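> No sequence on hand, only this structure:
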């Protein structure tokens with residue numbers, strides 16, 4: 001009886017399972033409403049008028065998310081990957097989605113554990129991370145996560161190249177501008193702010209070079225930034241294409257007849273032509 005209950009709970013919590021057809025829409029709606037509540041709380045007149053309602057909704061949400069987290073940790077052993085009662089649960093608790101589930105409730109409990117720490121109040125804004133729970137239920141977010149995992153090495157190389165260019169450009173513009181603008185380009189970390197906004201081609205205009213050499217460096221950095229930041233877009237586009245092609249191949253394999261080993265779609269098309 002205990003195993004049957006655990007299996008049923010696991011099925012209800014597992015997205016896409018037949019037992020979760022009511023739980024999935026409920027938890028997704030609760031996540032969306034939580035994010036909306038966090039955003040609306042920052043509006044003074046709404047918080048003044050409906051502050052108690054926001055708090056009550058937060059308490060209800062935390063209760064639901066806490067029970068969900070505990071039940072997932074309890075029933076995860078139904079998954080063969082986490083079959084061991086102790087070590088299996090430990091492995092589950094350090095998975096990315098389990099950490100997201102923990103972060104969804106942790107900001108609520110921290111003020112009770114550490115009431116005298118001032119920064120704990122700011123941690124409550126981390127309730128916005130509850131939107132990451134949508135990854136478990138949203139096919140679009142799952143696809144994006146799969147693309148990031150597929151292209152993590154290429155994206156890592158691009159990020160490292162960007163970091164190198166940022167350090168080099170910031171150092172060079174610091175040497176060129178420090179004597180003329182000692183307050184603006186006081187040190188290399190200050191120059192890095194200029195490097196970031198220039199590499200991203202944002203160019204706020206709060207910091208900019210005025211010497212000929214500084215302008216030359218700035219021109220090079222702007223041009224480099226356009227090309228450099230186009231690389232991740234191309235990598236992600238390639239990743240999306242690969243993931244979608246893989247899914248199409250999987251669907252096609254499922255539609256292969258086990259007897260004649262032909263694509264069932266071809267047979268359907270032939271029947272339609274014969275009927276015409």
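In hand now; what should we look at? Owing to the predicted nature of the structure, the values given are computational and were not obtained by experimental measurement.

> Quick check: closest non-adjacent residue to the spatially most central residue of the chain.
What sits nearest the mean C-alpha location of the chain, by C-alpha atoms, centre = their mean, is residue 132, with 5.9 Å. Spatial nearest neighbour of residue 132, chain neighbours left out: residue 100 (4.6 Å); criterion: C-beta to C-beta, 6 or more residues apart in numbering. C-beta coordinates here come from the backbone N, C-alpha and C atoms, glycine included.

> Provide the count of other residues in contact range of the one you found.
By other C-beta atoms under 10 Å, the residues close to residue 100 number 18.

> same thing with residue 87?
For residue 87, the count of nearby residues is 10 (other C-beta under 10 Å).

> List the residues that contact the residue nearest to residue 132.
129, 132, 133, 135 (C-beta atoms under 8 Å, 6 or more residues apart in numbering).

> The residue nearest to the last one when sequence neighbours are not counted and residue 27, how far apart?
To tie it back to what came earlier, the one meant is residue 135. Leaving out its chain neighbours, the residue that sits closest to residue 135 by C-beta to C-beta, 6+ apart is residue 141, at 4.4 Å. Using C-beta to C-beta, to the nearest Å, residue 141 is found at 14 Å from residue 27.

> Looking at these two, which one has more neighbours?
residue 27 (20 against 15).

> element containing the more buried one?
In the assignment (DSSP states H and E), residue 27 maps to helix 23-41.

> could you show me where the helices are in this protein, in order?
2-13, 23-41, 44-75, 87-93, 96-113, 119-123, 139-150, 152-177, 188-199, 212-228, 230-254, 264-275 (DSSP state H).

> Now do the nearest residue to residue 186 once chain neighbours are set aside, the pLDDT please.
Nearest non-adjacent residue to residue 186, counting by C-beta to C-beta, 6+ apart: residue 178, 7.5 Å away. Residue 178 carries a pLDDT value of 91.

> I'd like to know how many residues surround residue 127.
22.

> Give me the distance between it and residue 184.
38 Å.

> where's stretch 93-100 relative to the chain centroid, distance-wise?
When C-alpha coordinates are averaged (C-alpha atoms, centre = their mean, to the nearest Å), stretch 93-100 and its chain have centres 13 Å apart.

> Below-threshold pLDDT in the chain: ranges please.
1-3, 17, 115-125, 252-276 (pLDDT under 70).

> can I see the domain layout of it?
2-137, 138-276 (automatic domain parsing).

> okay, now the nearest residue to residue 131 once chain neighbours are set aside: neighbour count?
The shortest distance from residue 131 to any non-neighbouring residue, by C-beta to C-beta, 6+ apart, is to residue 35 (4.9 Å). Counted with other C-beta under 10 Å, residues neighbouring residue 35 total 15.

> got a list of what residue 35 touches?
Residues counted as contacts of residue 35 (C-beta under 8 Å, 6+ apart) are 128, 130, 131.

> re the thing from before, want to throw the helices of the chain into JSON lines with distance to residue 81?
Below are the helices of the chain laid out as JSON lines (distance: least, C-beta to C-beta, whole Å):
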{"stretch": "helix 2-13", "distance to residue 81": "12"}
{"stretch": "helix 23-41", "distance to residue 81": "21"}
{"stretch": "helix 44-75", "distance to residue 81": "13"}
{"stretch": "helix 87-93", "distance to residue 81": "8"}
{"stretch": "helix 96-113", "distance to residue 81": "12"}
{"stretch": "helix 119-123", "distance to residue 81": "31"}
{"stretch": "helix 139-150", "distance to residue 81": "17"}
{"stretch": "helix 152-177", "distance to residue 81": "21"}
{"stretch": "helix 188-199", "distance to residue 81": "40"}
{"stretch": "helix 212-228", "distance to residue 81": "39"}
{"stretch": "helix 230-254", "distance to residue 81": "20"}
{"stretch": "helix 264-275", "distance to residue 81": "32"}
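
> So which of the ones you listed is the most surrounded?
Across those, averaging neighbours per residue (mean count of other C-beta atoms under 10 Å) puts helix 188-199 on top, at a mean of 19.

> hmm, who's touching that helix?
162, 165-167, 169-171, 173-174, 177, 184-185, 203-204, 207-209, 218, 221-222, 224-225, 228-229.

> Apply 10 Å and report the result again.
Applying C-beta atoms under 10 Å, 6 or more residues apart in numbering, the external contacts of helix 188-199 come out as 162, 165-178, 181, 183-185, 202-209, 214, 217-222, 224-226, 228-229.
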